[in-house]
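K.L.:
Here is a sequence with its predicted model. Questions after.
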Amino acid sequence: MPKQSLLRFIKRWKRYEPRKDWSHIPKSTRGVYVLYSNGSPHEYRVVYIGVAGLGPTGGGGIRSRIKRHERKVKKWTHYSFFEVHDNVTRDEIREIEALLLGIFRHDRRIQLTNKQTGSKKFTQLRRASHWKTT
């Protein structure tokens, strides 16, 4: 009997890894990653939330995306990544990203460099949902 995974979407994860230590991330890892700026011990401020591995063959994956941020995004010191299961689709990865960006969009405690204006699917869902108030 196959072993059931603990989480539906996330296969494995690592948190608060140092900026230059990405060699342990397998190539073509698909999922969500977060870049942080470390101000003091145990304080990690989110500066970027991204996704990787959306192409038909996984694309470059989280490892190559984090390496690219080495040159592009200057103010980050640590990262976390959340690898998704193989059966999680590209659209589901995007949905996880949209959810996280939506949650943190107006949070003044963090300074996202990739604030998105919104998710078309979330907007469609909000319009389609008829919340009844009593």
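P.N.:
Right, received. Where do you want to start?
K.L.:
Mind listing the residues bridging to the most centrally placed residue in the chain?
P.N.:
Centroid check for the chain by C-alpha atoms, centre = their mean gives V32 as the closest residue, at 2.8 Å. As for beta bridges, V32 partners with V51, F82 under DSSP bridges.
K.L.:
The longest helix seen in the chain packs against which elements?
P.N.:
In the chain, with assignment by DSSP state H, the single longest helix is helix 90-104. Where contact means 3 or more C-beta pairs under 8 Å, 6 or more residues apart in numbering; DSSP states H and E, helix 90-104 is packed against strand 31-40, strand 43-52, strand 78-84, helix 120-128. C-betas here are computed from N, CA, C, even on glycine.
K.L.:
If you average pLDDT over each of the ones you listed, which is lowest?
P.N.:
Sorting those by mean pLDDT places helix 120-128 lowest, at a mean of 70.
K.L.:
which residues sit in contact with the residue nearest to the centre of the chain?
P.N.:
Contacts for V32 (C-beta atoms under 8 Å, 6 or more residues apart in numbering) come out as 49-51, 81-82, 84, 93, 96-97, 100.
K.L.:
Buried ones only from the residues you listed, please, as a PyMOL command.
P.N.:
In PyMOL syntax, the buried subset of the contacts of V32 is picked out as below (16 or more other C-beta atoms under 10 Å):
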select buried, resi 49+50+51+81+82+84+93+96+97+100
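K.L.:
okay if I get the contacts of V32 as TSV plus distance to E70?
P.N.:
Below are the contacts of V32 laid out as TSV (distance: C-beta to C-beta, whole Å):
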residue	distance to E70
I49	17
G50	13
V51	18
F81	15
F82	20
V84	23
I93	22
I96	24
E97	21
L100	22
